[in-house]
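Undergrad: no FASTA, just this:
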């Protein structure tokens, strides 16, 4: 079962300092979702039936959404765009990489969603650049509020697993 594989790969025990400064004895290392090529492919394959019928490509969010979107692009043969949290300060100085997104119907791809804040920020950037964004997909929805917040912004959220 996929949930068990993800748990074995990502749920760590020990002493971990959280962003809040608190100490936890369990930690979910979401980057282990993407670092195991077999697990990454299983996750992307589990996402395939959750995708909308009609779309043009994927928008992978920095950092965790990028490898997942890349595998989804390989499996569907649809283009993949990469959305940075902030524009580069050199070269092309772009926040969205991979080409022009204007008029493209994109599915936003993220690894985990708790409140949905990063998805909302990135969706705003994509829409500002002319992309049509109505759907998002993630591996794990941590809290139902995330789905609610995205819904209020006109995004339909699909997810593989809920509440880790």
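TA: Sure, I can see it. Keep in mind it's a predicted model, so treat the numbers as computed, not measured.
Undergrad: low-confidence ranges, this protein, go.
TA: Residues of the chain meeting the criterion pLDDT under 70: 164.
Undergrad: who does the residue nearest the centre of it bridge with?
TA: With distances taken as Cα atoms, centre = their mean, the chain has residue 110 as the residue nearest its mean C-alpha position (0.5 Å). As for beta bridges, residue 110 partners with residue 138 under DSSP bridges.
Undergrad: who touches it in this structure?
TA: For residue 110, the set of contacting residues under the criterion of Cβ atoms under 8 Å, 6 or more residues apart in numbering consists of 61, 64-65, 68, 118-119, 136-139. All C-beta atoms are positioned from the backbone trio N, CA, C, and that covers glycine.
Undergrad: and the gap between it and residue 144?
TA: Counting by Cβ to Cβ, to the nearest Å, the gap between residue 110 and residue 144 amounts to 16 Å.
Undergrad: likewise residue 85?
TA: According to Cβ to Cβ, residue 85 stands 24 Å off from residue 144.
Undergrad: please enumerate the strands of the protein.
TA: Secondary structure of the chain, counting by DSSP state E: strands at 11-17, 23-28, 57-61, 80-83, 96-97, 105-113, 132-141, 156-162.
Undergrad: right, and those strands - which one's nearest residue 50?
TA: strand 156-162 (3.9 Å; Cβ to Cβ).
Undergrad: check which helices and strands that closest one is in contact with.
TA: helix 2-10, helix 37-47, strand 132-141, helix 144-152 (3 or more Cβ pairs under 8 Å, 6 or more residues apart in numbering; DSSP states H and E).
Undergrad: now find how far off-centre that strand is within its chain.
TA: Relative to the mean C-alpha coordinate of its chain, strand 156-162 is positioned 10 Å out (Cα atoms, centre = their mean, to the nearest Å).
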